[in-house]
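Novice: how does the following fold in three dimensions:
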Amino acid sequence: MATEIKVPVLPESVSDATIASWHKKVGDAVKRDENLVDLETDKVVLEVPSTVDGVLKEIKFEEGATVTSQQIIAVIEEGAAAAAEAPKPAAEQPKAAEKPAAGAEQVQPKAEASKAAAAAPASTRPASVSGSSELPPGARFTAEKEGIDPSQVEGTGRRGAVTKEDLINYASGKTAGVSGGARPEERVPMTRIRARIAERLMQSKNSIAMLTSFNEVNLGKVMAMRKELGEAFEKANGIKLGFMSFFAKAAANALQRHPVVNASVDGNDIIYHGYADISIAVSTDKGLVTPVVRNVERLGFADIEKAIGDYAKKARDGKLSLDDLQGGTFTITNGGTFGSLMSTPIVNPPQSAILGMHAIKERAIVENGAVVAAPMMYIALSYDHRIIDGKDAVLFLVDIKNQLENPSRMLLGM
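Specialist: Reported below is the predicted structural model:
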């Protein structure tokens, strides 16, 4: 019995999706719940699993094609796996003792074999190639289409990466060798997620009167608390005590005291949110995503750390859902993870503000009249100046600073 595989129901905010990569080819055996294909939307990559055991009979759209909600993308012949994988009858199996007659064995020279493989039509070449998943999208598609093993191709891209041009040259029998004056280039289309990120950044730049204020925080007491209680915290909760939970909790408390920073603009109206749904920026291979930790003002440190840890794993595995990414009222991004000392983060519409964390550096400061070394971090607040005045932004940052420099007060919600 044939079973149709359809595009999942997409939310109203997502009109279509792009076929990112097929994990199976026609004729492959598939199992129920095994991922068949990745669909890339503007916000997230969706996996489409098989609903039955069987054999993939038909693929209706190739990689790069655009599909819509509930559109049929593949057909599976249910229950055909056993027949497809059944061993040949014993009568057809070659006998181990049999050998070809003397002089009958012919060995094809390697050079002739290579020519024959290159001359073979594309339809007879292997549809899946070892190592192709590590290539950029354009190069991967070319490798799959031409049936080329990327490990056999000399790369001319950055750090020896195999480019789409290298694969095309290899397929046509050309040598893509690197000369002293070689200036390799590669043109690949933006992924849907990257294109959406670019669109939203330009939307933010063109529609928001954005300004950034800065401050600095002495994280000595936070670091001392993590050192003193970190091991006990991990034993009690099964997760490490990181810096992000301190910043998320400090931000949630400050948002309750400075509600305009947690507000958003809707036409000529200002919407004040009585809850702190904080988007935490997470970097992935496909770009930056911002899953939302909801009601942070009600959560303890362990709950925040677990939520962030779960989202980070889902982001790395490509398992984030659209619901995970929607509805945040404020964003925190940590450029310090990559060594950034200071930056001006861009507001994520329709939110009105974003907090930027940066690298912790030992710097000389004056404390009680003496010059001492302290672990300092610059923090930045970019905000929509249409509704947030400079005074509100500065007071919000000072609030964050005071909490982090006195974490015991923060634990008490002060």
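
Novice: wait, doesn't Arg386 sit right on Leu211?
Specialist: No: with contact defined as Cβ atoms under 8 Å, Arg386 does not reach Leu211; the gap is 10.2 Å. For the C-beta atoms, the positions are set from N, CA and C on the backbone; glycine is no exception.

Novice: SS state for the closest residue in space to Val282 that isn't next to it in sequence?
Specialist: Leaving out its chain neighbours, the residue that sits closest to Val282 by Cβ to Cβ, 6 or more residues apart in numbering is Ala315, at 4.5 Å. Following DSSP: H, G, I helix; E, B strand; the rest coil, Ala315 is assigned to helix.

Novice: next, count neighbours for Ala315.
Specialist: 23 (other Cβ atoms under 10 Å).

Novice: cool, Gln403 as well?
Specialist: Other residues near Gln403 come to 24 when the count uses other Cβ under 10 Å.

Novice: report the buried residues of whatever helix or strand it lives in.
Specialist: For Gln403, the host element (DSSP states H and E) is helix 390-405. For helix 390-405, a neighbour-count test (16 or more other Cβ atoms under 10 Å) marks Asp392, Ala393, Leu395, Phe396, Leu397, Asp399, Ile400, Lys401, Gln403, Leu404 as buried.

Novice: show me the shaky parts of the stretch 201-350 of the chain.
Specialist: For the stretch 201-350 of the chain, applying pLDDT under 70 flags no range at all.

Novice: repeat that for the stretch 1-150 of the chain.
Specialist: Using pLDDT under 70, the flagged stretches of the stretch 1-150 of the chain are 11-13, 80-134, 136-138.

Novice: now do the helices in it.
Specialist: Counting by DSSP state H, counting those that start in this stretch, residue ranges of the helices within the stretch 1-150 of the chain are 81-85, 110-119, 137-146.

Novice: re earlier: okay if I get the buried residues of helix 390-405 as TSV plus distance to Val14?
Specialist: Formatted as TSV, the buried residues of helix 390-405 follow (distance: Cβ to Cβ, whole Å):
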residue	distance to Val14
Asp392	34
Ala393	33
Leu395	38
Phe396	33
Leu397	35
Asp399	37
Ile400	34
Lys401	39
Gln403	38
Leu404	38
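
Novice: would you turn the residues you listed into TSV with distance to Glu144 and pLDDT?
Specialist: Output for the buried residues of helix 390-405, formatted as TSV (distance: Cβ to Cβ, whole Å; pLDDT from 0 to 100):
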residue	distance to Glu144	pLDDT
Asp392	54	96
Ala393	50	97
Leu395	56	97
Phe396	51	98
Leu397	50	97
Asp399	53	96
Ile400	49	97
Lys401	53	97
Gln403	52	96
Leu404	50	96
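
Novice: Ala182 reaches Thr156, doesn't it?
Specialist: Yes: between Ala182 and Thr156 there is a contact under Cβ under 8 Å: 6.4 Å.

Novice: neighbour count winner among those two?
Specialist: The neighbour comparison of Ala182 against Thr156 (other Cβ under 10 Å) goes to Thr156, with 21 against 9.

Novice: surely the more buried one forms part of a strand?
Specialist: No: counting by three-state DSSP, Thr156 is not part of a strand but coil.

Novice: quick check: phi and psi on it?
Specialist: phi -120, psi 10 (degrees, to the nearest 10).

Novice: nearest residue to it in space, please, no chain neighbours.
Specialist: Closest residue to Thr156 apart from its sequence neighbours, by Cβ to Cβ, 6+ apart: Pro184 at 4.1 Å.

Novice: could you pull out the helices in the stretch 151-300 of the chain for me?
Specialist: Under DSSP H, counting those that start in this stretch, the stretch 151-300 of the chain gives helices at 164-171, 192-207, 220-237, 244-257.

Novice: mind checking how far the first one is from the chain centre?
Specialist: Same thing as helix 164-171. Counting by Cα atoms, centre = their mean, to the nearest Å, helix 164-171 is centred 28 Å from the centre of its parent chain.

Novice: now it: buried residues?
Specialist: Neighbour-count burial for helix 164-171 flags Lys164, Glu165, Asp166, Leu167, Asn169, Tyr170, Ala171 (criterion: 16+ other Cβ under 10 Å).

Novice: would a markdown table of those residues with distance to Leu412 be doable?
Specialist: Listed next are the buried residues of helix 164-171 as a markdown table, based on distance: Cβ to Cβ, whole Å:
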| residue | distance to Leu412 |
| --- | --- |
| Lys164 | 58 |
| Glu165 | 61 |
| Asp166 | 61 |
| Leu167 | 61 |
| Asn169 | 66 |
| Tyr170 | 65 |
| Ala171 | 67 |
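
Novice: possible to save those residues as CSV with pLDDT and distance to Ala248?
Specialist: Shown next, in CSV, are these (pLDDT from 0 to 100; distance: Cβ to Cβ, whole Å):
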residue, pLDDT, distance to Ala248
Lys164, 77, 41
Glu165, 77, 45
Asp166, 83, 45
Leu167, 82, 45
Asn169, 82, 50
Tyr170, 82, 49
Ala171, 78, 51
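
Novice: tell me the angle of the helix holding Gln403 relative to helix 244-257?
Specialist: Angle of helix 390-405 versus helix 244-257, following axes from the mean of the first three to the mean of the last three Cα atoms, to 10 degrees, is 140 degrees.

Novice: CA atoms only for helix 390-405, dumped as PDB, please.
Specialist: The C-alpha trace of helix 390-405 is given here as PDB (Å, rounded to 0.1, in the frame of the first residue of the first chain):
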ATOM      1  CA  GLY A 390      17.600  57.600  27.600                       C
ATOM      2  CA  LYS A 391      16.800  58.000  31.300                       C
ATOM      3  CA  ASP A 392      14.900  54.700  31.300                       C
ATOM      4  CA  ALA A 393      17.600  52.900  29.400                       C
ATOM      5  CA  VAL A 394      20.300  54.100  31.800                       C
ATOM      6  CA  LEU A 395      18.300  53.300  34.900                       C
ATOM      7  CA  PHE A 396      17.600  49.800  33.500                       C
ATOM      8  CA  LEU A 397      21.300  49.200  33.000                       C
ATOM      9  CA  VAL A 398      22.200  50.500  36.400                       C
ATOM     10  CA  ASP A 399      19.500  48.200  37.900                       C
ATOM     11  CA  ILE A 400      21.200  45.200  36.100                       C
ATOM     12  CA  LYS A 401      24.600  46.300  37.300                       C
ATOM     13  CA  ASN A 402      23.500  46.700  41.000                       C
ATOM     14  CA  GLN A 403      21.900  43.200  41.000                       C
ATOM     15  CA  LEU A 404      24.900  41.500  39.500                       C
ATOM     16  CA  GLU A 405      27.300  43.300  41.800                       C
END
